[in-house]
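In: After the sequence you'll find the predicted model.
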Amino acid sequence: MSAGVPCPNRYGGTTVRSTDPNILTSQSTPAAEPRSLDSHGMRIDAERRSGDVVVAHVSGEVDLLSAPELRQWVEQSTTAASGLVLDFDGVGFLGSAGLSVLAELAEKAAHDKLTWAVVATKRVVLRPLEATGLVAQMPVYSSVDDAVKAVTDGE
């Protein structure tokens, strides 16, 4: 059996690919720092703040094409030991697929004791959250600083 070849992946981590053509699997190692993503009209610029709080500045459109990327990014970037702030103030469109990602995250947070928050001040994000009732199921703040403080304090 041959050794694997480390290859950087688009999420900032490293994927180890086998040099054996008969092996179809690969193993990913998580990135040490939050990773950025630019895909399907959506961009995520991530940074680490206040210890283990990851702030993800999401911009563009969160729709049927980009929501799976957001879901995957969140899954790979969150642990019970770290907090997450999703800054949606740069989002120009939030579709039902994006709302589904947020609903799943709210459920996961309750189950896995994940501390998280959403920053939303624009009508394009707040209106769908209000119309679906999701705003009552998630911690929504009007600034990144307030959200980071809440996540850091474990509120």
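Out: Yep, it's here.

In: from here on, contacts and neighbour counts on C-alpha atoms
Out: Will do.

In: for the protein, which helix is longest?
Out: In terms of residue count, the longest helix belonging to the chain (DSSP state H) is helix 96-112.

In: Can you tell me what sits against the next helix or strand after it?
Out: Counting by DSSP states H and E, the next helix or strand C-terminal to helix 96-112 is strand 115-119. Residues from elsewhere that reach strand 115-119, judged by CA atoms under 8 Å, 6 or more residues apart in numbering: 80, 82-89, 109, 138-144, 147-148, 150-151, 154-155.

In: Of these, grab the buried ones for ChimeraX.
Out: Buried residues within those, by 16 or more other CA atoms under 10 Å, are selected in ChimeraX with:
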select :82,83,84,85,86,87,88,89,109,138,139,140,141,144,147,148,150,151
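
In: among the contacts of strand 115-119, which are in helices?
Out: Per DSSP H, the subset of these in helices is 109, 144, 147, 148, 150, 151.

In: Show me the two of those residues that sit farthest apart.
Out: 109 and 144 (18.8 Å; CA to CA).

In: just to revisit the earlier point, of all the ones in helices among the contacts of strand 115-119, which comes closest to residue 120?
Out: Using CA to CA as the measure, the one of the ones in helices among the contacts of strand 115-119 that approaches residue 120 most closely is residue 144, at 9.2 Å.

In: mind listing what the closest one touches?
Out: Contacts of residue 144 by CA under 8 Å, 6+ apart are 85, 87, 119.
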